[in-house]
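Colleague: What follows is a predicted structure for the sequence shown.
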Amino acid sequence: MKLKLHHINLCTSNVEDMDKFYRNVLCLSDDDPDNLPPINKNRGLVGDVSFVTDGDVQMHLTKKDVLNSFRSGQTVNPLERGHIAYRTDDIEAFKAHLDNLNVPYSDWGSDAVKGWHQLFFYDPEGNVIEVHQLKNN
């Protein structure tokens, strides 16, 4: 199973200001629309979001949502403080890896992003980590 840094999600109360900051100060720009996650809007788990990139790694600037975990029925909340995300080529192997290490996780499946199978878990300091796989891989 291979992991590669895919995106960093920062949560904010003002997506527009964060978008302007990362575009103006860090000179980040739009990514190819084909590279953006197809948000599962009918589930209502992701609200206002902006996507910017340095050309390699995306940043997802997302509206802070402390009630997200209650609506999703999941323990880990990726929209409270944000998260760092890795893409894998074998989500089942990674789940087995977490199970073997007794690391608890929330298996979101494709509830938030269509076509992505997402897992979320906490590091020892409470930072959220996402690992996902494209469903067609």
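Modeller: Great, that's in hand.
Colleague: From here on, just use CA atoms for contacts and neighbour counts.
Modeller: Noted.
Colleague: got any ranges where the protein has weak pLDDT?
Modeller: Residue ranges of the chain with pLDDT under 70: 41-46, 137.
Colleague: Which stretches in it count as helices?
Modeller: Residue ranges of the helices in the chain, as given by DSSP state H, are 15-24, 68-72, 91-100.
Colleague: Need the contact partners of the longest strand seen in the chain.
Modeller: If you go by DSSP state E, the chain has its longest strand at strand 3-12. Outside strand 3-12, the residues within contact range by CA atoms under 8 Å, 6 or more residues apart in numbering are 18, 57-64, 79-89.
Colleague: do the same with stretch 70-84
Modeller: Looking at what lies outside stretch 70-84 - CA under 8 Å, 6+ apart - the contacts are 5, 7-11, 45, 62-66, 68-69, 105-108, 120-122, 127-130.
Colleague: just the buried members of those residues?
Modeller: 7-11, 45, 62-65, 68-69, 105-108, 120-122, 128-130 (16 or more other CA atoms under 10 Å).
Colleague: Quick one: the strands in the protein, in order.
Modeller: Using DSSP E, the strands of the chain run over 3-12, 49-53, 58-63, 82-88, 106-109, 116-122, 128-134.
Colleague: would you turn those strands into TSV with distance to A96?
Modeller: Below are the strands of the chain laid out as TSV (distance: least, CA to CA, whole Å):
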stretch	distance to A96
strand 3-12	14
strand 49-53	31
strand 58-63	27
strand 82-88	13
strand 106-109	12
strand 116-122	12
strand 128-134	13
